[in-house]
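Chemist: sequence and predicted model, in that order:
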Amino acid sequence: MATPELISPRSPRVSAARRLARRNFRSKERLFIAEGPQAVREAVTARVGGQPALVELFTTVEAAERYADIVDAARAAGVRVHHASAEVLADVSQTVTPQGLLGVCRFLDSPFADVLAARPKLVAVLANVRDPGNAGTVLRCADAAGADAVVLTDASVDLYNPKAVRASVGSVFHLPVAVGVPVAQAVAGLKEAGVRVLAADGAGADDLDAELDAGRLGTPTAWLFGNEAWGLPEETRALADAVVRVPIHGRAESLNLATAAAVCLYGSARAQRAAGGCRSVTSS
């Protein structure tokens, strides 16, 4: 069994990785941490400017043996691989139970202009979403629903917050994400690109089921999702083409942000893939 190469938490490489837990260092270096086999596997295959998203990989000897395919793929891509003790990984990790693989990755975000130029059909816009776990989960839902992009407004949480990256379970590497876009600019740009903008709000005048029944979700659509505690402010709702509520058929008071986002995004995905939906028209 190979001997770990990085024994001390004071190693310069380890210290540099540890600093990426802080947003100012992430922004300065344009690097972030991705932990666990799923995230690292996706980072190995993702590309940023023609280069692998993964810059550097730290692994315990045990994890290197368990996930040999990931480590081999990283080496084949020219990524620096460091063996480290479990104590060193725990020192850098932001999780309670590290899984032995920790990657340093390049920033992935896309310019908002590029998102619009791609003529998106389904977009999730996170407006003032502050909880990193929720942001990562909505990103994962958008990826699963086949969305073309996600937009995080300037009042939302950092995309590269370790909790957001973990909650995305690798989806952060799958689809374009624009960050730091003022909400009014996001809405205006999407509308100009031919996208109907819907604000998801429990007090909305329109009903998601009615939108589906009327066939209105088959067109290019962007969903605005607001803050976990207070939703979308009136001035943001006023920017949307419609304010839509997810119907509550039982006795629950409401849905949490990630659940509501999943329902809305999948409603659009189903409508767009049905006969006459925008994706069917585009692909014909």
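Modeler: Great, that's in hand.
Chemist: quick one: average pLDDT of stretch 139-151?
Modeler: Mean per-residue pLDDT for stretch 139-151: 97.
Chemist: could I get the buried residue list for that stretch?
Modeler: Residues Leu139, Arg140, Cys141, Ala142, Asp143, Ala145, Gly146, Ala147, Asp148, Ala149, Val150, Val151 are the ones in stretch 139-151 that count as buried (16 or more other Cβ atoms under 10 Å). (Glycine included, C-beta is placed from N, CA and C.)
Chemist: for the chain, what spans make up the helices?
Modeler: 12-19, 23-29, 37-45, 61-66, 68-76, 86-92, 112-117, 132-144, 162-168, 183-192, 208-213, 234-237, 257-273, 278-283 (DSSP state H).
Chemist: can you put those helices in CSV and add distance to Arg106?
Modeler: Below are the helices of the chain laid out as CSV (distance: least, Cβ to Cβ, whole Å):
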stretch, distance to Arg106
helix 12-19, 14
helix 23-29, 10
helix 37-45, 9
helix 61-66, 22
helix 68-76, 14
helix 86-92, 18
helix 112-117, 16
helix 132-144, 17
helix 162-168, 13
helix 183-192, 24
helix 208-213, 37
helix 234-237, 32
helix 257-273, 27
helix 278-283, 31
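Chemist: out of those, nearest to Pro247?
Modeler: helix 208-213 (5.6 Å; Cβ to Cβ).
Chemist: got the buried residues for the closest one?
Modeler: For helix 208-213, by 16+ other Cβ under 10 Å, it's Leu208, Glu211, Leu212.
Chemist: closest to Val129 among those residues?
Modeler: Of the buried residues of helix 208-213, the one sitting nearest to Val129 (Cβ to Cβ) turns out to be Leu208, at 19.6 Å.
Chemist: flag every buried residue along stretch 99-110.
Modeler: So, applying 16+ other Cβ under 10 Å, buried residues of stretch 99-110: Gln99, Gly100, Leu101, Leu102, Gly103, Val104, Cys105, Arg106, Leu108, Asp109, Ser110.
Chemist: from those residues, which ones fall inside strands?
Modeler: Cross-referencing the buried residues of stretch 99-110 against strands under DSSP state E gives Leu101, Leu102, Gly103, Val104, Cys105, Arg106.
Chemist: lowest-scoring secondary structure element of the protein by mean pLDDT?
Modeler: helix 278-283 (a mean of 43; mean pLDDT, DSSP states H and E).
Chemist: any idea how far Arg75 is from the most centrally placed residue in the chain?
Modeler: Centroid-nearest residue in the chain, with Cα atoms, centre = their mean: Leu139, separated by 3.5 Å. With distances taken as Cβ to Cβ, to the nearest Å, Leu139 is found 29 Å from Arg75.
Chemist: and if you look at Phe32?
Modeler: 21 Å.
Chemist: repeat for Asp69
Modeler: For Asp69, the distance to Arg75 - Cβ to Cβ - is 11 Å.
Chemist: where in the stretch 151-284 of the chain is pLDDT low?
Modeler: 275-284 (pLDDT under 70).
Chemist: near the nearest residue to Ala271 once chain neighbours are set aside, how many other residues are there?
Modeler: Spatial nearest neighbour of Ala271, excluding adjacent residues (Cβ to Cβ, 6 or more residues apart in numbering): Leu217 at 3.7 Å. Counted by other Cβ atoms under 10 Å, the residues lying close to Leu217 total 25.
Chemist: good, wrapping up.
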